[in-house]
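Peer 1: My questions are about this predicted structure, shown below with the sequence.
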Amino acid sequence: MVNWNLVTGKGEKLSSQDVRRSILTFIIKNHPGNQVEFIEKKRSSYQIDIRGGDALIFDFNGQFVRTDRD
């Protein structure tokens, strides 16, 4: 289960409902049991950091772009 600890975006708070369902589905499928440390809404993408792991980059359509490794 994904645990949304902190969701931020350009100085404003976002709820988990603001995050596209496809992103949530990707995280549940590919990172089961891991916690989301934070989500940042950037200029043209979402960056989602998995606690103790990778940063996942998604476009605004909710499509996975790449993984940035620690």
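Peer 2: On my side now, so go ahead.
Peer 1: measure stretch 39-49 end to end?
Peer 2: By CA to CA, to the nearest Å, the extent of stretch 39-49 from end to end equals 6 Å.
Peer 1: Look at the most centrally placed residue in the chain and give its secondary structure.
Peer 2: What sits nearest the mean C-alpha location of the chain, by CA atoms, centre = their mean, is Ile48, with 2.9 Å. Counting by DSSP: H, G, I helix; E, B strand; the rest coil, the backbone at Ile48 sits in strand.
Peer 1: can you check Ile27 too?
Peer 2: helix.
Peer 1: OK, contacts around it?
Peer 2: Ile27 sits next to 2, 34, 36, 48, 50, 56 when contact means CB atoms under 8 Å, 6 or more residues apart in numbering. Every C-beta, even on glycine, is put in place using the N, C-alpha and C of the backbone.
Peer 1: contacting residues for the nearest residue to the fifth one once chain neighbours are set aside?
Peer 2: Distance criterion CB to CB, 6 or more residues apart in numbering; nearest residue to Ile50, sequence neighbours excluded, is Asn34 at 5.0 Å. Residues counted as contacts of Asn34 (CB under 8 Å, 6+ apart) are 2, 27, 50-53.
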